[in-house]
Each structure stands twice: as C-alpha cells, then as structure tokens.
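J.: Pasting the sequence and the predicted coordinates here, then a few questions.
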Amino acid sequence: MDQYFAVFVVAMAGNGLAATTRAADRGEAGRIGLPGGKVDAGETAVQAAVRESAEEGWLVSLPEDADPAHVALVEGRLVAWFVSSEEAKMLASYKEVGRITPVVASLQAVADSGYGNEWLVA
C-alpha cells in the first residue's frame, strides 16, 4: 500500500484538462479541481486515482506502476498527482452525479483553483 492520503489525475480532455466542479455541500460551489480523492485502505495510489476519477465522471488510464508526477504536503498530508498519457473520457453515468460535474478547464483555471495544483504552472 502507498503512504499517500490523496491522489489526483492530470489528463487532457478535448482542448483542456479533465476537471470537476467541487461539491456545494463542502462549501466549494463554483470552484473547480482535478479529479481525485482519498486513498482507501487496501488500494494503491494508482488504483485510487483511477477509481476517484471514475466516481467524479472521468475515465482515465494509468499503468499500475506509474510514478507520481508531483508529490507535496497539503495541509500536513502527503498528496500525489499522476499524469495520464491518454486523453480522459467524460462518463455519462458516475457515482457523484448531481454533486460533482465533470468539466473541461484550462490549465490556468485548474492551477488557480488551489488544492495544491499551483505546481502545474510553476
């Protein structure tokens, strides 16, 4: 198992990046971020990245042995970002429908959203 608390995926989608709206029930309505979330017990970081992306409306592909493109401490917890070599596909049906919406966003919009994504334009 990996030591990461959370993982995110950077993937191209059309003419931007696969992104999501953030959940209003967490006070983040109107903000965007990359697909991803917490690593569950018993899963690898890559498995978590693929699962979380699908739950948020994006089908992404990562090799099981993929190394993170970036690792950082975010609010005291270790977070990893993986980069997909294939374009993400937006899903019509996904777990978080009605709560989180998949969107295509510019690199700058994702970087400006916070959540540790600033490294994308550094």
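T.: On my side now, so go ahead.
J.: Poorly predicted segments of the protein, please.
T.: When residues are selected by pLDDT under 70, those of the chain lie in 1-2.
J.: Spell out the residue ranges of the strands in it.
T.: Per DSSP state E, the chain carries strands over the ranges 6-10, 12-13, 16-21, 32-33, 36-38, 58-59, 70-74, 77-83, 89-90, 102-105.
J.: The residue nearest the centre of the chain - nearest residue in space that isn't next to it in sequence?
T.: What sits nearest the mean C-alpha location of the chain, by C-alpha atoms, centre = their mean, is Pro35, with 2.5 Å. Leaving aside its chain neighbours, Pro35 sits nearest to Ser53 (4.0 Å; criterion: C-beta to C-beta, 6 or more residues apart in numbering). C-beta: built from backbone N, CA, C; applies to glycine.
J.: State whether the one you found and Val46 are indeed in contact, as I suppose.
T.: No - if you go by C-beta atoms under 8 Å, Ser53 and Val46 don't touch, sitting 10.8 Å apart.
J.: Tell me how far the residue lying closest to Ala24 once chain neighbours are set aside lies from Glu43.
T.: Spatial nearest neighbour of Ala24, excluding adjacent residues (C-beta to C-beta, 6+ apart): Arg99 at 7.8 Å. According to C-beta to C-beta, to the nearest Å, Arg99 and Glu43 sit 22 Å apart.
J.: Could you do Ala6 as well?
T.: 12 Å.
J.: ditto for Phe8
T.: Relative to Glu43, and taking C-beta to C-beta, Phe8 is found at 15 Å.
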